[in-house]
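Participant: what's the 3D shape of this:
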Amino acid sequence: MHGNVDSPLGRSDGDHEVQAEGWMQWDQGETSAVITVGITQGSVSGSGSETYEPDETTWDIGVIAGKNGVFQGAQATASVTAVVSHNAGPTTTINWTTQVQLN
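Facilitator: Numbers count the residues shown, from 1 in each chain. Predicted coordinates for the structure are as follows:
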């Protein structure tokens, strides 16, 4: 599994939510992936998670700010973890972090 996080990312719901999204590319033998994304901006953060299968080439996860926080139209950090299942054995965990712009 290979992937990225798009930038910029849009805010919604009174700036309490970020719609995190990106692409993913599957390797042979991978059967599914649970993708969890966290968005952190100063003291405001939130996370969301979804399960995807190899016929999907993009991911899209709503991230709601915890503690009724509000995301600003500025830089933030996106941290992604993909727990990938294989048809021949144990899972693989892949992590990546990148700076994104929130609009």
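Participant: so what's the most centrally placed residue in the chain bridging to?
Facilitator: The residue lying closest to the centre of the chain (C-alpha atoms, centre = their mean) is Val37, at 3.2 Å. Beta-bridge pairing for Val37 (DSSP bridges): Gly48, Val80.
Participant: likewise Thr58?
Facilitator: Trp23.
Participant: run through who's touching whichever strand or helix holds Thr91.
Facilitator: If you go by DSSP states H and E, Thr91 is part of strand 89-101. Residues outside strand 89-101 that contact it (C-beta atoms under 8 Å, 6 or more residues apart in numbering) are 1, 3-9, 39, 74-86. (Glycine included, C-beta is placed from N, CA and C.)
Participant: repeat that for stretch 9-28.
Facilitator: The contact list for stretch 9-28 (C-beta under 8 Å, 6+ apart) reads 1-6, 33, 35, 37, 39, 46, 48, 52, 54, 56-65, 68-73, 76, 78, 80, 82, 100-103.
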